[in-house]
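1. Sequence and predicted model, in that order:
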Amino acid sequence: MKWRFDPRTILYLLIISQLVLFLDGSILMEIITVIILIIPFFLTRQLYWGIGISMIYILQLLATFFLLPKITSPILLYPLSMVSNGFRELIPGMIVGIYAIKFTSLGEWISLFKKWHFPKFFTITFAVFFRFFPTIQQDYQQIRNAMAFRGIERGVLSFIKQPRQTFEFILIPLLMNASQVAQDLTIAALTKGLSMPGKQTSLIQLQMTKFDYIYLTASTLPLIFTLGGFL
């Protein structure tokens, strides 16, 4: 099943996720919101994200309800509380961030920014940022493949055994290449005419679908029930 969110839906879900965080409502509202947001991963068969985020969230809930009440040492209580409570509340926003990459394209975001007359410096910065980390990830995979081709160990075990060598072969090339990648992406964005003055148009026409309206409604219901005192 192909699932595409309109960028406006992503922005709305981002607002909902932040309201859930700042209102600090009931744990039931948070759980329902997270479940609603996770469902598209399973509908699109992206089980890696769906199962991974679900397992992390479940472990955080178990730690909050069963582990933290039994800990009396502040040295252990504070860091575990930060992981199980603090990071758990960021899960909805993280899911929406993954949506922005997985369920929308850069062209759709640029089309929206042009339609809403966003400043050109913001559009160029966003275009570079949107493509920066996927490009760095590709460079990382190429470095790992080169290491495997030369018979150099890779993975967690190699990092534990030889951390200095791992940093030398992976981290240093990535850092040296990061500035060049940012420069190349900026030049690519400028070449596409994003900095040109005057009114700009886009070949991509944004249109809300039934999936967008379903999720606009579903993501709002927990918030409405909370404000109404039902959750």
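-> Received the coordinates, thanks. Please read all numbers here as calculations on a predicted model, not as lab measurements.
2. any idea of the mean pLDDT in stretch 222-230?
-> Regarding stretch 222-230, the rounded mean pLDDT is 82.
3. Mind listing what's buried along that stretch?
-> 222, 223, 225, 226 (16 or more other C-beta atoms under 10 Å). (C-beta placed from N, C-alpha, C; glycine too.)
4. From the chain's centroid, how far away is it?
-> Its chain's C-alpha centre and that of stretch 222-230 lie 26 Å apart, by C-alpha atoms, centre = their mean, to the nearest Å.
5. Residue 73: neighbouring residues, count only.
-> Using other C-beta atoms under 10 Å, residue 73 has 8 neighbouring residues.
6. go on, residue 180?
-> By other C-beta under 10 Å, 10 other residues sit near residue 180.
7. Other residues contacting the helix or strand hosting it?
-> According to DSSP states H and E, residue 180 maps onto helix 172-191. Contacts to helix 172-191, defined as C-beta atoms under 8 Å, 6 or more residues apart in numbering, come from residues 124, 127, 128, 131, 132, 135, 136, 139, 140, 143, 195.
8. now do 10 Å
-> 106, 110, 120, 123-133, 135-140, 142-143, 146, 167, 194-196 (C-beta atoms under 10 Å, 6 or more residues apart in numbering).
9. Can I get that helix in CSV, CA atoms only?
-> Listed next in CSV are the C-alpha coordinates belonging to helix 172-191 (Å, rounded to 0.1, in the frame of the first residue of the first chain):
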residue,chain,number,x,y,z
ILE,A,172,37.2,11.3,10.1
PRO,A,173,36.2,10.7,6.5
LEU,A,174,32.6,11.6,7.3
LEU,A,175,33.6,14.8,9.0
MET,A,176,35.9,15.8,6.2
ASN,A,177,33.2,15.0,3.6
ALA,A,178,30.3,16.7,5.5
SER,A,179,31.3,20.3,4.5
GLN,A,180,31.7,19.3,0.9
VAL,A,181,28.3,17.6,0.9
ALA,A,182,26.7,20.7,2.3
GLN,A,183,28.4,22.9,-0.3
ASP,A,184,27.3,20.6,-3.2
LEU,A,185,23.7,20.5,-2.0
THR,A,186,23.6,24.3,-1.7
ILE,A,187,24.9,24.7,-5.2
ALA,A,188,22.3,22.1,-6.4
ALA,A,189,19.5,24.1,-4.7
LEU,A,190,20.7,27.4,-6.2
THR,A,191,21.0,25.7,-9.7
